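Peer 1: For reference, the sequence and a predicted model appear below.
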Amino acid sequence: MSSLKVLHLQIIQKNIMKNLSQLIFALFLFCLPIKAQDFAPNFVVTDIHGQTHELYEYLCQGKYVVVDFMGTWCGPCQGVAPEVGQGFKDFGCNYKDVIFISIDTGSDTQACFDFEEEYMPGVHGLPMVSGYDGGGDEAHSAFGISGVPTIITVNPNDTTYTETHTGFYGVLAAAGIEQQVVCTTPMIVDLNVSPASSSNIANANLEASVFGGVGPFSFSWLDGAGNSISQESFIEGASYGDYQVVVTDSSEDPQQFNSNFHVGYVGEVQFADDFESYEPFAELSSQTQEWQTLCEQQNFAQVSQSVSQSGDNSIFVFNGPSSNLYKSLGDQKWGAHEMSFQMYVPNNGGSYYRIMHQVSCDQEEQVGCTSNDASIIAMEFYAENNGSAYINVGEEVAKMFEVPVDEWFNVSHLIDLTNGIATLFINSEKIHMWPFVYQSRSIENGLMDLAGVEFKSMTLEEQVRQFYIDDFNFVCAENQNEIAGCTDNDALNYDLNATLDDGTCEDNSSCIPIGIPFLENFEEDEFLSTCWDNADRDSDGFLWTHMNSDIDPVGYNSYRAAGSSSYIDNEGTLNPDNLLRLPKLHLEENTQMSYYVRAKDSQYLDNYSILIYEQHIDSVINLGTTVLDTILVINKIVPSTSYTQEIIDLSAYAGKDVYIAFRHHNDENNYWMYIDDIYVHSSMSVSIQAPGIKNSMALHPNPTSSDCYVTFDLAQKQDVTIDFLDLKGQLVAQRKLYSVGSQIEYFDLSNLSLGLYLVKVSSQNDRLYKRLVIR
């Protein structure tokens, strides 16, 4: 049986009992005058805002999927677009039981943006996929679409689809899915808990941060006795104990977050076991409920007196035929915790254990759907009988190290759920720190719970292990200083406070091709604006830098420029591969690029390359001087320590959207090189255009806490729209005006949740997006 058919059966088994009305719906479909049903092939596409969508991901969640196969150039598609947009809003804007998605064929990203604005005004958040740029053409081909528009509805219960056109209203109603009065963004509450310093000092801090939902929000904090203690979003100076928090939004059907939690104090023992209270030479799990085997597996982990760290007893995990010992840590969601124990690896043994985000005894599916009930591993620890050891994080080797053999050593995990960080220590030596989050598209926002720890005598690779553990402790700990999150400041979900990247960065939807002329002189305080890319391709920690000196005029007739080095004073020799990429540009006829370049030292003239390409592919970028498909690589040497203007002919790319990049590479043990005043323009008209929205839009202050000024210049009187969009593309604020000259528009944003927003200023002929952070 093929994997796709297996997947169809899995989804049927998973969803067929979900709702009895959906069984009636299956009978109803039999009578509808629509095309015969067939199994839906899967697709994975990327919309014009950079978000990835997989059909079977949605089906696995039990959601119906309405797909509008269309073309931006198609008249009937343009005519039916408002009805598709209305259906998207009527069924909950993709927040409820139905997912709408429009998939184009034959158009690029810009054409899809234009289609949205002209034919779907007022519809925000409906994913649209470009045929050329987002995988739309491939999706059309997979479904055998021969004409557009073709609108299908996919049933999650059996993965069949039918061509319904706008008849999806009746199909969805027959499935028992109600229309929504308004679209409400789901409310997500991030609860931050820091412990008290001791049991008799009230200095714990509690905070509930709200994302999404409809403000204003109400907060209710209760102590362990049920007494109300605060209606603010945070509490300073709380004592250790049990609490409850309830957060409610102001939507018509109010959303509510309700959680009970414990506030500990540093050093508070949540569980400890030295194994001295158990009978020796007998199985541990038969003597206590605290240590159990998982999923009724056979367990032979025994209380041993062969070796011990303290007292007489320890636990022997051995393959006789198997040991599978699990300790629940309470499914922790908040705060910081330290789990530690003593381990002994004999020279004829080895060890294996794993920390779990989630534990389930349900049969884990091998294909397609990842059940939300499946067991999810946070970390795996492997040690061999020769002392070599490593840990797996995200199913990949994260760190290799050494552990003692034939002697006891301490293993400690500091797991900070508040900041999303975990750290491993061996005998108090820090081994590795990593983001404690499991990323999966099937689990909203990833999973950061701490469920428990499992000691096993057989690895997942069926490697036999035998080892001892003793003196197990689980205590409340201080929060760590590091914070996991998205550290790419060009990403939509950039976390200003993050110090360790957790792999969750989302592409910036505003990075659509921009027109020329384009000028960058590096004179702004911010080094690179949104949609540039500054890549450290050799991962040495050094990349292109904003050279900014009020004493030494580094730039061309200015104090600022961009610089990259192959030798750092007090650091030594580097062999850089640093890529500085401009935003994607739409080039016109007779376009050229000029820039100024110089070296710092005449004895060390650096090598670099200019790259022009339509799609970023690392393997192609590694090529030498050549033209391959749509990439041009021009190798150069910095000519002198005086700024020299270089001019690159880009006329061969007229009408195309391209990236232009400066790559400093193949340049070991030289020194600094600088570039300045990058100017891309049409040689037919080299004067810089009068300021418009693209060249003048700014946000002040940014980041902000409550309000913002949007400023821009208009060369002529025109209609302008200012939109504030959340990360889902939902419109949260809008203003329209008809004006000319310098504009200063004030917005009160105090009713918006903390997070990242896109501000779009658009007129008939000009538009620009900028990112706004509310914190």
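Peer 2: It's in.
Peer 1: Tell me the confidence at the closest residue in space to Gln78 that isn't next to it in sequence?
Peer 2: Using CB to CB, 6 or more residues apart in numbering and skipping the chain neighbours, the partner closest in space to Gln78 is Tyr119 (4.9 Å). For glycine as for every other residue, the C-beta is placed from the backbone atoms N, C-alpha and C. With respect to pLDDT, Tyr119 scores 94.
Peer 1: what's the distance between Tyr119 and Asp312?
Peer 2: Per CB to CB, to the nearest Å, Tyr119 is found 78 Å from Asp312.
Peer 1: And the two? Which one has more around it.
Peer 2: More crowded of Tyr119 and Asp312, by other CB atoms under 10 Å: Tyr119, with 18 against 12.
Peer 1: Now the phi/psi pair for that one, please.
Peer 2: Geometry field for Tyr119 lists phi and psi as phi -110, psi -10, criterion degrees, to the nearest 10.
Peer 1: what's the answer for Gly122, then?
Peer 2: Residue torsions, per degrees, to the nearest 10, at Gly122 are phi 80, psi 0.
Peer 1: Leaving out the residues flanking it, which one is nearest to it?
Peer 2: Gly122's closest residue in space is Gly85 (CB to CB, 6+ apart), at 7.5 Å.
Peer 1: Quick check: the one you found is in a helix.
Peer 2: Yes. The assignment for Gly85 (DSSP: H, G, I helix; E, B strand; the rest coil) places it in a helix.
Peer 1: picking that back up, contacts only, for the residue nearest to Gln78.
Peer 2: Residues in contact with Tyr119 (CB atoms under 8 Å, 6 or more residues apart in numbering) are Gln78, Ala81, Pro82.
Peer 1: Tell me the spacing between the second one and Pro127.
Peer 2: So the one you mean is Ala81. For Ala81, the distance to Pro127 equals 14 Å [CB to CB].
Peer 1: okay, those two: which has more neighbours?
Peer 2: Ala81 (25 against 22).
Peer 1: is it fair to say the more buried one lies in a helix?
Peer 2: Yes. Using three-state DSSP, the assignment for Ala81 is a helix.
Peer 1: Tell me, how many residues neighbour Gln305?
Peer 2: Gln305, neighbours per other CB under 10 Å, totals 13.
Peer 1: Provide a list of residue ranges in this structure with pLDDT below threshold.
Peer 2: Counting by pLDDT under 70, the chain shows low-confidence ranges at 1-37, 320-321, 362-373, 438-446, 488-493, 506-513, 529-530, 616-631, 684-691, 727-729.
Peer 1: one more time with 50
Peer 2: Within the chain, the ranges that satisfy pLDDT under 50 run 1-36, 364-367, 371, 440-445, 624-630, 685-690.
Peer 1: And it, split by domain according to the record?
Peer 2: Using automatic domain parsing, the domain parsing of the chain gives 3-174, 188-263, 269-476, 518-682, 693-774.
Peer 1: CSV for those domains, including distance to Val182?
Peer 2: Below are these laid out as CSV (distance: least, CB to CB, whole Å):
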stretch, distance to Val182
domain 3-174, 9
domain 188-263, 6
domain 269-476, 21
domain 518-682, 31
domain 693-774, 11
